[in-house]
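>>> all I have is the shape, not the residue letters:
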């Protein structure tokens, strides 16, 4: 588990939540990994009370499970929750792009270009998967910021925790250049206001990788152990 410095004015509970959720989402804490209140308390140098409160919150977010007689674990990746996230993200993102073709912040478009350039560099180096993953999320977030609907993106993120962990698992093993190419297409859609191809492009970006993921699960026993089908 990666530990962070406690931020100024950050409460113990906020600190514990940030550290644990970030480690779960980055797969530093693997699906199925056991979590001990006493161990976490020592590592994070806090009492058990904020640990317990955060574990309850993460359980409500379906990121941990409490099994009687067994203990507390990082939740396995639930395929049903992946499919729900895909349904929501596909429908909201294509509508966001259509709205963006009609009215989009020029400043945000510039930020998307910068983000895409950074993604290209990271993909070429191939040595920082988590940075690539975070830049990917930032790129999509900017679409919603550009149409003044950042809260919609936050809602998508909240329901996409299992989807995003699966994506990260897959990105470790798959070529990332095609994701960059798809983001170039997204950017061209916005620049050219080409709304006619949005449904097809978004489907290819969000829905199509599922078949690759299913193949990975069949072929890689480690990944298969992380998934609930």
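Everything's here; your move. Keep in mind that this is a model prediction, so the values were computed, not measured.

>>> now residue 27: how far from residue 170?
For residue 27, the distance to residue 170 (Cβ to Cβ, to the nearest Å) stands at 11 Å. (Glycine included, C-beta is placed from N, CA and C.)

>>> what comes up buried for the biggest helix by length in the chain?
Once the chain is assigned using DSSP state H, the helix that runs over the most residues is helix 79-102. Across helix 79-102, burial judged by 16 or more other Cβ atoms under 10 Å covers 79, 81-82, 85-86, 88-90, 92-94, 96-101.

>>> and stretch 9-23, by the same measure?
Using 16+ other Cβ under 10 Å as the test for burial, stretch 9-23 gives 12, 13, 15, 16, 17, 19, 20, 21, 23.

>>> so who does the last one touch?
Read it as residue 23. Residues near residue 23 by Cβ atoms under 8 Å, 6 or more residues apart in numbering: 1, 2, 29.

>>> and the gap between the first one and residue 27?
To tie it back to what came earlier, the one meant is residue 1. Counting by Cβ to Cβ, the gap from residue 1 to residue 27 is 11 Å.

>>> okay, these two: which has more neighbours?
Looking at residue 1 and residue 27 with other Cβ atoms under 10 Å, you find the greater number of neighbours at residue 27, namely 19 against 16.

>>> surely that one forms part of a helix?
No - according to DSSP: H, G, I helix; E, B strand; the rest coil, the state of residue 27 is coil, so it is not within a helix.

>>> how about it, phi and psi?
Here is the backbone geometry of residue 27 (degrees, to the nearest 10): phi 70, psi 10.

>>> the closest residue to it other than its chain neighbours: which element?
In space, and not counting its chain neighbours, residue 27 is closest to residue 168: 5.8 Å by Cβ to Cβ, 6 or more residues apart in numbering. Following DSSP states H and E, one finds residue 168 within helix 161-173.

>>> by how many degrees do that helix and helix 79-102 diverge?
Put simply, helix 161-173 runs at 90 degrees to helix 79-102, going by axes from the mean of the first three to the mean of the last three Cα atoms, to 10 degrees.

>>> and helix 161-173, which residues are buried?
Across helix 161-173, burial judged by 16+ other Cβ under 10 Å covers 161, 162, 163, 164, 165, 166, 167, 168, 169, 170, 171.

>>> closest to residue 129 among those?
residue 171 (6.0 Å; Cβ to Cβ).

>>> from residue 43, how far out is the closest one?
27 Å.

>>> for residue 16, same thing?
As judged by Cβ to Cβ, residue 16 and residue 43 stand 10 Å apart.
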